[in-house]
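Q: here's a sequence, model it:
(one chain, ligands or ions: 2)
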Amino acid sequence: MNERRALLKTLAAASGVALLPRALRAAAPSLPEFPFTLGVASGYPDDRSVVLWTRLAPQPDQPGGGMPPRDVPVRYEVAADDAFRRIVKRGDATAASSFAHSVHQTVTGLAPARDYWYRFVAGDHVSATGRTRTLPAARDRVASLRIALACCQNYEHAHYAAWRHLAAAPPQMVVFVGDYIYETNQRGPSLRRHTGGVAQSLDEYRQRYALYQSDPSLRAAHAAAPWFAVWDDHEVNNDYAGTTPGREEDPAVFLARRAAAYQAWYEHLPVPPSMAPRNGVMNIQARAQLGRLATLHLLDQRQYRSPEACPRPPQLGGQRVGDECTERLDAARTMLGAEQERWLQQGLKQNTAPWTLLAQGTPFSQINQGSAEAPQYAADGWTGYAAARRRLLDSLQQTRTVNPVILGGDIHAFLVGDVGAVPEQPDSKLVASEFVTTSISSNAISQAALDKWRENGPRLHKVDGTHRGYIAFTLTPKQLRADLVEVEDASRPDSPSRIGSAWVIEAGNPAIQPA
Ligand code: FE
Ligand code: CA
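A: Ligands and ions are numbered 1, 2, ... in the order given. The predicted structure follows:
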């Protein structure tokens, strides 16, 4: 131990922190206020490791979070029990000033398919305790696995009762498919209020994340289970596509804005340090092997996409387009980018597990929001990138992917649908199944409008935007079950919830059936 550490230890002991285990006293005694206001999180487990996250922010609503502009050492501790009697790992991490004093610590050497508890210490302060879980080993037979799918948590629209319920009965992992924050502010009255204006700078995005993470139910959901996460559009700008903003703005200004937004996403989610932004780019596509049971592919459908079809300047994204818009069908247009398409194809080739989960941000099924005579397609979803969607479906067939299940979000409604090889042809051979989760809190469009989607979409079993909630999946080697969890009244943080409907897929038959 060096002299400085020894001195700090003596000071810490003298300042009345004797209750803190000796090994936990971190060498950062100069934090007068509790810095763990944004909670703790874990993510991206494999069978041996997991990423632990926190961010030091004693004043989370202030630029810089109330932290001094220098790196701060933080201790972490991982135990096999929630009382930290059986410590399995401890070590030092750095809360880097350049990343808003966030910590992304990969802890290795863990055992497969186990629960662990973790916490951080900075100075005299101890964080809340989080629970996490490693994945089963790739060769392990897994009898069953519970996975929650969630997205879209607009802070202004409703409370996070959905997260409270998820945390009370935690799944083995949470898959979050985008709209973690909303960059814009609601006009007119709202249940809760964003602070600050429309997020554009790094400080403004950071403050937005800090506001969202000030919600105890969201913190509970992070502390309850490891997360895998991909982003959608609102983490940056509504309906942006690659380097094209959703609404006309100076291209250089938009690229700087996107880089700031990506960095803030990195700083506030339990993602691996290897995902840290470089020159405004972040590779967030990821793969996880869930024992012999399933392979999870997490796809980024925002960063590399082609501009949306048939824009109407100054609006460049988020249009509804009809059959006159042939750009929608252009084979040169991409949703995932050529490199990620290849990466996915490679991954699909190696799949041997009975379930293949493809998690990403927007609905995949054929959705006609107009009528049979005058179809209207969302330019922002996969229907707006019809050739890219076909390539993905072709790729699933070429690689003989078994039981592909597409998981999505974005529409603030539950959508359950069978996916044919040619989605435009309602009698084409079934090749995949789709579950889109409703929002945690974001408002949906009217149910009357959503009912039209179903009228026009014979392969859609359900399109329901009347409830906030999430989907709880239970996978076994023979069956995938989806429980659609509905919050009764999202205007109340303590609202009850219930399973509104349940659906199953039997292995080998992509047709979704009511449970
Ligand atoms: Fe959303
Ligand atoms: Ca979205």
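
Q: who touches the residue in the stretch 1-150 of the chain that ligand 1 sits nearest to in this structure?
A: The nearest approach of the stretch 1-150 of the chain to ligand 1 comes at Ala150, 11.3 Å away (CB to the ion). C-beta here means a position set from N, CA and C on the backbone, and glycine is covered the same way. The contact partners of Ala150, taken as CB atoms under 8 Å, 6 or more residues apart in numbering, are 162-163, 166, 174-177, 221, 409, 437, 440, 470-471.

Q: Gly242 too?
A: Arg302, Gln303, Tyr304, Arg305, Ser306, Pro307.

Q: using PyMOL, define a selection of the buried residues within those.
A: Here is the PyMOL command that picks out the buried ones among the contacts of Gly242, judged by 16 or more other CB atoms under 10 Å:
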select buried, resi 302+303+304+305+306+307
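
Q: around ligand 1, which positions in this structure sit nearby?
A: Counting by CB under 5 Å from the ion, the chain comes close to ligand 1 at Cys152, Asp179, Ser442.

Q: out of those, which is nearest to ligand 2?
A: Asp179 (4.9 Å).

Q: go ahead and confirm that closest one touches Cys152.
A: Yes - contact status for Asp179 versus Cys152: in contact at 4.1 Å, counting by CB atoms under 8 Å.

Q: which of the residues of the chain next to ligand 1 ranks first by neighbour count?
A: Taking other CB atoms under 10 Å as the neighbour criterion, Cys152 ranks highest of the residues of the chain next to ligand 1 with 28 neighbours.

Q: secondary structure element for it?
A: Assigned by DSSP states H and E, Cys152 belongs to no helix or strand.

Q: for the nearest residue to it once chain neighbours are set aside, what are its contacts?
A: Distance criterion CB to CB, 6 or more residues apart in numbering; nearest residue to Cys152, sequence neighbours excluded, is Ser439 at 3.5 Å. Ser439 sits next to Cys151, Cys152, Gln153, Asn154, His157, Asp179, Gly409, His412, Arg468 when contact means CB under 8 Å, 6+ apart.

Q: how much space between Ser439 and ligand 2?
A: Relative to ligand 2, Ser439 is positioned 10 Å away (CB to the ion, to the nearest Å).

Q: and the residue in the stretch 401-515 of the chain that ligand 1 sits nearest to, backbone torsions?
A: Closest approach between the stretch 401-515 of the chain and ligand 1, counting by CB to the ion: Ser442, at 4.7 Å. As for Ser442, its main-chain torsions (degrees, to the nearest 10) stand at phi -70, psi 140.

Q: for Glu486, same thing?
A: Dihedral angles (degrees, to the nearest 10) for Glu486: phi -110, psi 130.

Q: re the thing from before, can you redo the contacts of Ala150 as CSV with pLDDT, secondary structure and neighbour count?
A: Listed next are those as CSV, based on pLDDT from 0 to 100; DSSP: H, G, I helix; E, B strand; the rest coil; neighbours: other CB atoms under 10 Å:
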residue, pLDDT, secondary structure, neighbour count
Ala162, 98, helix, 30
Trp163, 98, helix, 27
Leu166, 98, helix, 25
Val174, 99, strand, 24
Val175, 99, strand, 25
Phe176, 99, strand, 29
Val177, 98, coil, 27
Ala221, 98, helix, 29
Gly409, 98, coil, 31
Thr437, 98, coil, 30
Ile440, 98, coil, 32
Tyr470, 98, strand, 29
Ile471, 98, strand, 24
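
Q: is the nearest residue to Val230 once chain neighbours are set aside bridged to anything, and to what?
A: Distances taken as CB to CB, 6+ apart place Leu298 nearest to Val230, at 5.1 Å, with adjacent residues excluded. For Leu298, the beta-bridge partners under DSSP bridges are Ala286, Ala359.

Q: of the residues of the chain next to ligand 1, which are in range of ligand 2?
A: Checking these against ligand 2 (CB under 5 Å from the ion), the matches are Asp179.

Q: kindly reformat the residues of the chain next to ligand 1 as a markdown table containing pLDDT and distance to Pro493.
A: Formatted as a markdown table, those follow (pLDDT from 0 to 100; distance: CB to CB, whole Å):
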| residue | pLDDT | distance to Pro493 |
| --- | --- | --- |
| Cys152 | 98 | 17 |
| Asp179 | 98 | 20 |
| Ser442 | 98 | 16 |
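
Q: nearest to Arg333 among the residues of the chain next to ligand 1?
A: Asp179 (23.1 Å; CB to CB).

Q: pull the contacting residues for Pro245.
A: Taking CB under 8 Å, 6+ apart, one finds Asn237, Pro251, Phe254, Arg257, Leu316, Gly317 in contact with Pro245.

Q: need the three-state assignment for the first one.
A: Right, the one you point to is Asn237. coil (DSSP: H, G, I helix; E, B strand; the rest coil).

Q: what's the neighbour count on it?
A: Neighbour tally, Asn237, other CB under 10 Å: 24.

Q: and for the last one?
A: Using other CB under 10 Å, Gly317 is surrounded by 22 other residues.

Q: so Ser217 sits in a strand?
A: No - looking at Ser217 with three-state DSSP, it is helix, so not inside a strand.

Q: I'd guessed it sits against Gln153; true?
A: No - counting by CB under 8 Å, Ser217 does not reach Gln153; the two are 9.7 Å apart.

Q: tell me which of those two has more neighbours.
A: Between Ser217 and Gln153, counted using other CB under 10 Å, Gln153 has the larger neighbour count: 27 against 21.

Q: returning to what we had before: would you list the contacts of Pro245 in CSV and tack on secondary structure and pLDDT?
A: Conversion of the contacts of Pro245 to CSV gives the following (DSSP: H, G, I helix; E, B strand; the rest coil; pLDDT from 0 to 100):
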residue, secondary structure, pLDDT
Asn237, coil, 98
Pro251, helix, 94
Phe254, helix, 98
Arg257, helix, 98
Leu316, coil, 98
Gly317, coil, 97
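
Q: closest one of these to Glu183?
A: Asn237 (6.1 Å).

Q: list the contacts for the closest one?
A: The neighbours of Asn237, taking CB under 8 Å, 6+ apart as the test, are Glu183, Pro245, Gly246, Arg247, Phe254, Arg257, Arg258, Ala261.

Q: tell me which helix or strand comes right after the helix-or-strand element of the chain with minimal mean pLDDT.
A: Using mean pLDDT, DSSP states H and E, helix 3-14 stands out as the lowest-scoring helix or strand of the chain, at a mean of 43. Next helix or strand after helix 3-14 toward the C-terminus (DSSP H and E): strand 40-43.

Q: is ligand 2 contacted by stretch 355-367?
A: No - for stretch 355-367, no contact with ligand 2 is found by CB under 5 Å from the ion; the gap never falls below 6.3 Å.

Q: list the buried ones in that stretch?
A: For stretch 355-367, burial by neighbour count (16+ other CB under 10 Å) applies to 355-367.

Q: which SSE is the residue in the stretch 351-500 of the chain positioned nearest to ligand 2 in?
A: With CB to the ion as the measure, Asp410 is the residue of the stretch 351-500 of the chain nearest to ligand 2, at 4.1 Å. Per DSSP H and E: Asp410 is located in neither a helix nor a strand.

Q: nearest spatial neighbour of it, skipping sequence neighbours?
A: Thr362 (4.5 Å).

Q: now do the contacts for that neighbour.
A: Asp232, Gln301, Asp380, Gly381, Trp382, Gly408, Gly409, Asp410, Ile411.

Q: need the max-distance pair from the residues you listed.
A: Among the contacts of Thr362, Gln301 and Ile411 lie farthest apart (CB to CB), at 13.9 Å.

Q: ok, these two, which is more surrounded?
A: Taking neighbours as other CB under 10 Å, Gln301 and Ile411 compare with Gln301 leading, 30 against 25.
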